[in-house]
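# Build me a model:
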Amino acid sequence: MPRGPGLAMRRAMNHLELSGTALAALAAFLPLCAVLFGLLPARTAILTGFVVGYLFLPQGERLVAGVLPDIDRFVITHCALLLGVVLVDLRRLTRLRPHALDLPIIVMCAVPFFSSVTNGLGAYDGLSGVMSRSIGWGIPYLLGRAYLADDVGLRKLALAIVIGGLLYVPLCLLEIRMSPQLHNWAYGYHQHSFHQTHRLGGFRPTVFMQHGLAVGLWMASASLLGVWLLLSGAITKRRRAAFGALVLALLATTIMCKSLGSILLLGLGLGVLLLGRLFGRAWPILLLLVIPPTYVVVRAREVWSGDELVSVIKRDISADRAQSLSFRLRNETALSRKALERPAFGWSGYGRAAVQDEDGRTNTIVDGYWIQSMGQNGVVGLLVLGGVLLLPVVTFLRSRGPRALWVEAPEGTGLAALLAIVALDDLMNAMFSPFPVLAAAALTGCVIAGKRSRAAAAIPTAEPTDLQAPIDVGQPAYGRPVWA
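Numbers count the residues shown, from 1 in each chain. Now for the predicted structure:
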């Protein structure tokens, strides 16, 4: 058994305990997946399952004793979809071959084991962490590599995200008007502190996600891809007017969600896409990728305190936003100092990476995904997180020519920009979604498929020998006419 906190302490650390209605909804997802795989092609069934699971299943978790991970909507969604693939299309998975570009996700799934062992929590706890990480990150990556690694897959993934955003438009508008109540009405409890839904004299929707920030990023992601598909010519002229009207509604709702950070990321993502299309080059997106690792280095080494940025936001935007940012930066500084006490593999789980006062009470809050990764899994965990999110963008953009990126198959370029803004959001927030993992796997799979096809085409054809040379009809062969 692991030498970590017991089950009672783990329950105390839980954010939410699933209600009976929530458990019933999770159980109902299994037969829903069976219907999806029975009626739809496997690729469409997978994307539909991810959209339904991420957007509508309940928040919270139910603890399970043993090495198995706690049951939540991600565990149910990912395991159910993998089971569906195994039952109807196992051959697709068995034909998948690993590549060196898959190494970041492999290390990412394995690193919890080393974090647990180096912290004295034991191999049992480490295996539990590996299983949890493999279900959360590994399964979406595996399915993305198997089913989305071509131009058609990239297009379907981009459209699935846009459709998911459109499904949330009426729900967001309802909660903006009536206050965030949908999760409470459906499952009997609020998924987060209600007072954090108040923003700018109104309400910020949470719908069925963990926080309004997650909704804001989701709507910004859908808007980014919707606008890009429209402007890049990926939508046919016959459907462009109707699609444009839907994207306009999506954009308006995104702004009404009142998530300033997501709105800024949306503008930044569209800016680099339009700039890249104007020049026919990928460097604007690549330039955006430099920001996350640069930020991590200067913050972890305390080269930059962020006080100047806080002052600018306080003067030009909002004192409340400045105070929120200042709080985040102070927590980052304290947490990074604690994380660097165990730099290689971090402190593992159970809140061990948090900073505590003299009475043993936690006095820090983890906001950014980067500081969470470094605290739990050290520099190794932080490097592989960057490898999973950023390396596919670099390799994909470098593997394709300008015409392929901006004219022939712009969906992949839009997904690359999406991963770039998600990496930026991870600097300040820790809102997991399977769709960036699917996008990373799809882009990586396209690069691998391209490398293998070029390698196969480069194999020289053997010159025919005398015995292999075609025989001229009517001429004697081995002393006899060919017609004899």
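
# quick one, strands of the protein?
61-62, 71-72, 198-199, 202-203 (DSSP state E).

# what's the second one packed up against?
Contact analysis of strand 71-72 by 3 or more Cβ pairs under 8 Å, 6 or more residues apart in numbering; DSSP states H and E lists strand 61-62 as its packing neighbours. C-beta here means a position set from N, CA and C on the backbone, and glycine is covered the same way.

# Distance from the strand it packs on to the middle of the chain?
22 Å (Cα atoms, centre = their mean, to the nearest Å).

# Point out the other helices and strands that that strand packs with.
strand 71-72.

# So in that sheet, which strands flank the strand it packs on, and in what orientation?
Each strand paired with strand 71-72, and its direction, by DSSP bridges: strand 61-62 (antiparallel).

# Reformat the strands of the chain as CSV; add mean pLDDT, distance to residue 22 and mean neighbour count.
Shown next, in CSV, are those (pLDDT from 0 to 100; distance: least, Cβ to Cβ, whole Å; neighbours: other Cβ atoms under 10 Å):
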stretch, mean pLDDT, distance to residue 22, mean neighbour count
strand 61-62, 82, 9, 18
strand 71-72, 90, 10, 19
strand 198-199, 71, 25, 16
strand 202-203, 80, 23, 16
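
# Determine which of these approaches residue 110 most closely.
strand 71-72 (21.8 Å; Cβ to Cβ).

# residues in contact with residue 249?
The contact partners of residue 249, by Cβ atoms under 8 Å, 6 or more residues apart in numbering, come to 166, 169.

# Revised request: answer the last question for residue 30.
Neighbours of residue 30 in contact, by Cβ under 8 Å, 6+ apart: 76, 80.

# Relative to residue 82, how far out is it?
Relative to residue 82, residue 30 is positioned 12 Å away (Cβ to Cβ, to the nearest Å).

# so who does the closest residue to residue 328 other than its chain neighbours touch?
When the adjacent residues along the chain are set aside, residue 328 lies closest to residue 367, with 5.0 Å between them (Cβ to Cβ, 6 or more residues apart in numbering). By Cβ under 8 Å, 6+ apart, the contact set of residue 367 is 328, 331, 332, 428, 429, 430.

# So, low pLDDT: which residues of the stretch 101-250 of the chain?
Where the stretch 101-250 of the chain drops to pLDDT under 70, the residues are 200-201.

# The nearest residue to residue 55 once chain neighbours are set aside: neighbouring residues, count only.
Residue nearest to residue 55 in three dimensions, not counting chain neighbours: residue 164, with 5.7 Å by Cβ to Cβ, 6+ apart. Using other Cβ atoms under 10 Å, residue 164 has 22 other residues around it.

# Correct me if wrong: residue 164 contacts residue 225.
No. With contact defined as Cβ atoms under 8 Å, residue 164 does not reach residue 225; the gap is 10.2 Å.

# Please put the alpha-carbon coordinates of stretch 427-434 into PDB.
Below are the C-alpha coordinates for stretch 427-434, written out as PDB (Å, rounded to 0.1, in the frame of the first residue of the first chain):
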ATOM      1  CA  LEU A 427       0.300  29.500 -17.900                       C
ATOM      2  CA  MET A 428      -2.500  30.900 -15.900                       C
ATOM      3  CA  ASN A 429      -5.200  28.200 -15.700                       C
ATOM      4  CA  ALA A 430      -5.400  24.500 -15.200                       C
ATOM      5  CA  MET A 431      -8.500  23.500 -17.100                       C
ATOM      6  CA  PHE A 432      -8.100  20.100 -18.700                       C
ATOM      7  CA  SER A 433      -9.900  19.300 -22.000                       C
ATOM      8  CA  PRO A 434      -9.300  16.200 -24.200                       C
END
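
# What lies in contact with it?
Residues from elsewhere that reach stretch 427-434, judged by Cβ under 8 Å, 6+ apart: 50, 54, 74, 77-78, 136, 140, 209-211, 213-214, 217-218, 261, 292, 295-296, 328, 366-370, 372, 422, 425.

# List buried residues within these.
Burial of those was assessed by neighbour count (16 or more other Cβ atoms under 10 Å); the buried members are 50, 54, 74, 77-78, 136, 140, 209-211, 213-214, 217-218, 261, 292, 295-296, 328, 366-370, 372, 422, 425.

# Among those, which ones are in helices?
Counting by DSSP state H, the buried ones among the contacts of stretch 427-434 place 50, 54, 74, 77-78, 140, 213-214, 217-218, 261, 292, 295-296, 328, 369-370, 372, 422, 425 in helices.

# my guess is residue 389 meets residue 423, correct?
Yes. Between residue 389 and residue 423 there is a contact under Cβ under 8 Å: 4.8 Å.

# what about residue 403, distance to residue 85?
From residue 403 to residue 85 the distance is 34 Å (Cβ to Cβ).

# cool, residue 33 as well?
Distance from residue 33 to residue 85, by Cβ to Cβ: 10 Å.

# the more surrounded of these two?
Between residue 33 and residue 85, residue 33 has the larger neighbour count (other Cβ under 10 Å), namely 26 against 21.

# got the contact list for that one?
Going by Cβ under 8 Å, 6+ apart, the list of residues near residue 33 reads 45, 49, 80, 81, 83, 84.

# Who wins on neighbours among those?
Neighbour counts for these peak at residue 81, which has 26 neighbours (criterion: other Cβ under 10 Å).

# right, and it touches residue 144 too?
No. Using Cβ under 8 Å, residue 81 is not in contact with residue 144; the gap is 11.2 Å.

# returning to what we had before: show the contacting residues for the residue nearest to residue 55.
51, 54, 55, 218, 222.

# go with 10 Å
By Cβ atoms under 10 Å, 6 or more residues apart in numbering, the residues touching residue 164 are 47-48, 50-52, 54-56, 218-219, 221-222, 435.

# Need the residues touching each of residue 33 and residue 85.
45, 46.

# could you dump stretch 133-149 to CSV, C-alpha only?
This file holds the C-alpha atoms of stretch 133-149, laid out as CSV (Å, rounded to 0.1, in the frame of the first residue of the first chain):
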residue,chain,number,x,y,z
ARG,A,133,-2.5,9.7,-16.5
SER,A,134,-2.9,7.1,-19.2
ILE,A,135,-6.7,7.3,-19.1
GLY,A,136,-6.8,11.1,-19.0
TRP,A,137,-4.1,11.9,-21.6
GLY,A,138,-3.1,8.6,-23.2
ILE,A,139,-6.4,7.4,-24.4
PRO,A,140,-7.4,10.6,-26.3
TYR,A,141,-3.9,10.7,-27.8
LEU,A,142,-4.2,7.0,-28.9
LEU,A,143,-7.6,7.6,-30.5
GLY,A,144,-6.4,10.8,-32.2
ARG,A,145,-3.4,9.0,-33.6
ALA,A,146,-5.5,6.2,-34.9
TYR,A,147,-8.5,8.1,-36.4
LEU,A,148,-7.6,11.7,-37.0
ALA,A,149,-4.2,11.6,-38.5
